[in-house]
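Asker: Dropping a prediction and its sequence here:
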Amino acid sequence: MTTHKNRFSQFWQELKRRNVTRVITVYAATTFAIIDLLSNIVEPLRLPDWTVAFAIVILGIGFVIAVILSWIYDFHPLGGIVKTESAKRTDKVEVPRFSNSWKIASYISFVVIIGLIVLNIFPRTGKKEIIDKSIAILPFVNDSPESDNAYYIYGYRIAVHNNLCQIKGLRVLSLQSTEQYKKTTKTTPEIARELGVGYILFATGQILNNIIQLTVQLADANGVTVWSNPYNMKLEKVEDHIEIQSNIAQQVASKLQTTITPDVKQRIEKPPTTDPTAYYYYQRGKEAYWRYWSDSSDVEALEKAEDFFNEALKDDPTLAQAYTGLARIYWGSEGYFSENYLDTARVLLDRALIYNPALAEAHTLYGRYYNVQNDTIRAMKEVDKAISLNPNDWEAYRIKADISSGYINKISNYRKAVNLNRGPEYPSLLNDLGDSYLAIGFPDSAAHIYEEVLELNKDSVEYYTKLGEIDWSRWNITAGNAQFENAFMRDSANGHSAYILFVGYTVLGEKEQALKYGNIWVEWMNETGALWVNFVHRMGYYYSLKGLKEKADSCFKVQIEYCLKEIELERGRAKRNLNTYYDLAATYAFTGESEKALKYLRTYSLLPVMNSTMMFFLRFDPLLDPIRDNPDFQQILNEAKANHQAEHERVRQWLEENDML
């Protein structure tokens, strides 16, 4: 053991004598500095991604050469570079003392190494850290002279988008958000600013004779390309397509400093089908559906999408995504309905989830299905599952907001949907968000949002209607009616505006004005055949104001029958339409059946949260006047006020904590 230690000590002393240790220290410091410098200039100078790796290999080879040369040669103070003498010979010959240059260089190098290690472990102020990890994917440009191959490039965009959407930590705008830039002349910074994102992904390419030539670029909000890659390869099987699509997503995630979890990586690398023919028809179906989505008048494209998805399933009956494609079609997307579409959609979604339980889109559509069925519990379960699989599913967030009873959840989820969609649905999503603020007592926040909507859609009728609702929420009925008048003047054929004014003037007790707009509303319904079953009791009140008792009684009878039937149908459902109970209570109250009115009004008051609209009608609805002084009614009203105020306070505190107020 002692001999071994002596040999090691002798070897170490020989390394020091020949200055090998100092060469290693200086070389290591220089290497660290070069690699650190390259890491920081690769992106700004748009150098190839392999630059740093190549430098490491060269420096590694240089390290071996430097160590060998430092063992053989040395810098002599008197003679320059000389061959290092053996240890035995130097014992007999007096060697001049060397200068302190090597020592100084060694000390400086050691400090440099420690400094670089520390700086790379702890974040530096000057180090670029990506904070805004948001991205929009522009329509990919097809350069193929054969237009029949365009669907492949289109399909690549959809696939890359779906892959990126599954990565937690990224904010990926919906495909609907970027369709408007299909033939744009706007610059990347302009598009990024309009969409409110930090990065833009775009691509150009073609597929000819099963050979793909695709160039993908990722640019930041300033228009600087941070990553670019050409893909040129022979496509011999479906997996080749998936390899490219998943690679693009993984490269983008890496550039945006986002981690892809193993389960997400597994999902994005798994092909929807291994059958080339099924994949071909599936791609055609997706392209046709999105073509219809861009132009809802192109029903032929929707019919082609249906045919393509069915053809895909003939070749691969396990292709889950084709089932969801058909479900969207049979659901009645954008006005296209088929008979018994809900039942058909459910069967298709069942099959999709059998073959792919982790298909987020299927869970989202199931959430929509259960929402229509008033089954809140199952709907919430489905959309939560969808969001866990796809954190960028704006549609799932919207459904979740719709079915949430608490307004913190409503506002939070509507905000998420708004942040993910800048497409045609954007104004509607903003209105939903504004309505939520208004419903729970934040009219100023709602007003700012409605102004933004007006800038987007230029719909002054809708805008003045919203302003009227704001005034009503403040109990300023006269000011609200004036805003509704502004809306009506801009569209006198709008029966809805006439109805609101009829209600507004009945609340004020202005019979003449109420009948004026009531006449317009009823005439509009008769002309259009738009009988609103939940408003028949309002027609009854209108006829009672005109002194037409028989017509009024007939309307009240129809309303009662309808409401009782609805209540019977809803028994056992997880979610009930409690507005039906209010309509029934208001009808019974006006027709003199007070006990029944209070019974159903009590059920109505079981709503988790009473919003501003509900409070308005409880407080001012003339149909409730016959029971307004009843102690039981006053108790219901006071409980409703307390309910509303408590939720308002919860939301206010949450908004303040999150700097949203």
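Answerer: Yes, it's here.
Asker: Now do the host helix or strand of Ala514: distance to the chain's middle.
Answerer: Using DSSP states H and E, Ala514 sits within helix 511-528. In terms of CA atoms, centre = their mean, to the nearest Å, the centre of helix 511-528 is found 43 Å from the chain centre.
Asker: Keeping just the C-alphas, turn it into CSV.
Answerer: Extracted C-alpha coordinates of helix 511-528, given in CSV (Å, rounded to 0.1, in the frame of the first residue of the first chain):
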residue,chain,number,x,y,z
LYS,A,511,-98.2,51.1,-19.4
GLU,A,512,-98.3,53.0,-22.7
GLN,A,513,-94.7,52.5,-23.5
ALA,A,514,-94.8,48.9,-22.3
LEU,A,515,-97.7,48.2,-24.7
LYS,A,516,-95.9,50.0,-27.6
TYR,A,517,-92.9,47.7,-27.4
GLY,A,518,-95.1,44.7,-26.4
ASN,A,519,-97.0,45.2,-29.7
ILE,A,520,-93.8,45.2,-31.7
TRP,A,521,-92.5,42.1,-29.8
VAL,A,522,-95.7,40.0,-30.2
GLU,A,523,-96.1,41.0,-33.9
TRP,A,524,-92.4,40.0,-34.5
MET,A,525,-93.0,36.6,-32.9
ASN,A,526,-96.2,36.0,-35.0
GLU,A,527,-94.4,37.0,-38.2
THR,A,528,-91.3,34.9,-37.5
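Asker: which strands and helices sit next to that helix?
Answerer: When contacts are defined as 3 or more CB pairs under 8 Å, 6 or more residues apart in numbering; DSSP states H and E, helix 511-528 packs onto helix 495-508, helix 536-545. All C-beta spots, glycine's among them, are computed from the backbone N, C-alpha and C.
Asker: Helix or strand with the lowest mean pLDDT in the protein?
Answerer: In the chain, no helix or strand scores lower on mean pLDDT, DSSP states H and E than helix 87-92, which sits at a mean of 51.
Asker: returning to what we had before: export the helices and strands packed on helix 511-528 as JSON lines, with columns for mean neighbour count and distance to Ala589.
Answerer: Output for those, formatted as JSON lines (neighbours: other CB atoms under 10 Å; distance: least, CB to CB, whole Å):
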{"stretch": "helix 495-508", "mean neighbour count": "22", "distance to Ala589": "14"}
{"stretch": "helix 536-545", "mean neighbour count": "22", "distance to Ala589": "10"}
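Asker: So which of the ones you listed is nearest Phe590?
Answerer: With distances scored as CB to CB, the stretch of those nearest to Phe590 is helix 536-545 (6.8 Å).
Asker: sorry, back to before: using TSV, lay out the helices and strands packed on helix 511-528 together with mean pLDDT and distance to Leu618.
Answerer: Converted to TSV, those look like this (pLDDT from 0 to 100; distance: least, CB to CB, whole Å):
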stretch	mean pLDDT	distance to Leu618
helix 495-508	94	12
helix 536-545	95	16
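Asker: Quick one: closest of the ones you listed to Val299.
Answerer: Here helix 495-508 is closest among these (CB to CB), at 27.9 Å.
Asker: export the closest one as PDB, just CAs?
Answerer: Output of helix 495-508 as PDB, limited to C-alpha atoms (Å, rounded to 0.1, in the frame of the first residue of the first chain):
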ATOM      1  CA  GLY A 495     -87.700  41.500 -31.600                       C
ATOM      2  CA  HIS A 496     -85.400  40.900 -28.600                       C
ATOM      3  CA  SER A 497     -84.800  44.600 -28.100                       C
ATOM      4  CA  ALA A 498     -88.500  45.200 -28.200                       C
ATOM      5  CA  TYR A 499     -89.100  42.500 -25.600                       C
ATOM      6  CA  ILE A 500     -86.500  44.000 -23.200                       C
ATOM      7  CA  LEU A 501     -88.100  47.400 -23.500                       C
ATOM      8  CA  PHE A 502     -91.500  45.800 -22.800                       C
ATOM      9  CA  VAL A 503     -90.100  44.300 -19.600                       C
ATOM     10  CA  GLY A 504     -88.300  47.600 -18.700                       C
ATOM     11  CA  TYR A 505     -91.400  49.800 -19.000                       C
ATOM     12  CA  THR A 506     -93.600  47.300 -17.200                       C
ATOM     13  CA  VAL A 507     -91.200  47.500 -14.300                       C
ATOM     14  CA  LEU A 508     -91.500  51.300 -14.300                       C
END
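Asker: Now render the helices and strands packed on helix 511-528 as JSON lines, adding distance to Asp343.
Answerer: Shown next, in JSON lines, are the helices and strands packed on helix 511-528 (distance: least, CB to CB, whole Å):
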{"stretch": "helix 495-508", "distance to Asp343": "32"}
{"stretch": "helix 536-545", "distance to Asp343": "29"}
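Asker: contacting residues around stretch 363-381?
Answerer: Contacting residues not belonging to stretch 363-381 are listed as 324, 327-328, 331, 342, 345-346, 349, 353, 382-383, 385-386, 389-390, 393, 395-396, 399-400, 402-404, 570, 573-577 [CB atoms under 8 Å, 6 or more residues apart in numbering].
Asker: quick one: buried residues of that stretch?
Answerer: In terms of neighbour count (16 or more other CB atoms under 10 Å), stretch 363-381 has its buried residues at 363-371, 375-376, 378-380.
Asker: Most widely separated two among those?
Answerer: For the buried residues of stretch 363-381, the farthest-apart pair by CB to CB is Leu365 and Thr376; their separation is 16.5 Å.
Asker: element containing the closest residue in space to Pro271 that isn't next to it in sequence, please.
Answerer: Counting by CB to CB, 6 or more residues apart in numbering, Pro271 lies nearest to Ile242, which is 4.5 Å off, once chain neighbours are set aside. Here Ile242 is covered by helix 238-255, with elements defined by DSSP H and E.
Asker: Please list the outside residues in contact with that helix.
Answerer: For helix 238-255, contacts defined as CB under 8 Å, 6+ apart pick out 135, 152, 156, 159-160, 163-164, 167, 170, 201, 212, 214, 216, 218, 226-227, 229, 231, 233-235, 259-260, 265, 268-271, 273-276, 279.
Asker: what are the C-alpha coordinates of whatever helix or strand comes next after that helix, in CSV please?
Answerer: Once the chain leaves helix 238-255, the next helix or strand it forms, by DSSP H and E, is helix 262-268. This file holds the C-alpha atoms of helix 262-268, laid out as CSV (Å, rounded to 0.1, in the frame of the first residue of the first chain):
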residue,chain,number,x,y,z
PRO,A,262,-42.7,11.0,-20.7
ASP,A,263,-46.5,10.4,-21.0
VAL,A,264,-46.9,13.4,-23.4
LYS,A,265,-43.8,12.3,-25.4
GLN,A,266,-45.3,8.9,-25.7
ARG,A,267,-48.7,10.3,-26.9
ILE,A,268,-47.2,12.6,-29.5
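Asker: who touches helix 262-268?
Answerer: With contacts defined as CB under 8 Å, 6+ apart, helix 262-268 is touched by 163, 166-168, 245-246, 249-250, 260, 358, 389.
Asker: List the buried residues of the following helix or strand past it.
Answerer: Using DSSP H and E, the helix or strand that directly follows helix 262-268 along the chain is helix 276-294. Buried residues in helix 276-294, counted by 16+ other CB under 10 Å: 278-293.
Asker: Now do helix 276-294 and helix 238-255, the angle between them.
Answerer: Inter-element angle recorded for helix 276-294 and helix 238-255: 50 degrees (by axes from the mean of the first three to the mean of the last three CA atoms, to 10 degrees).
Asker: what packs against helix 276-294?
Answerer: helix 150-165, helix 238-255, helix 299-315, helix 320-331.
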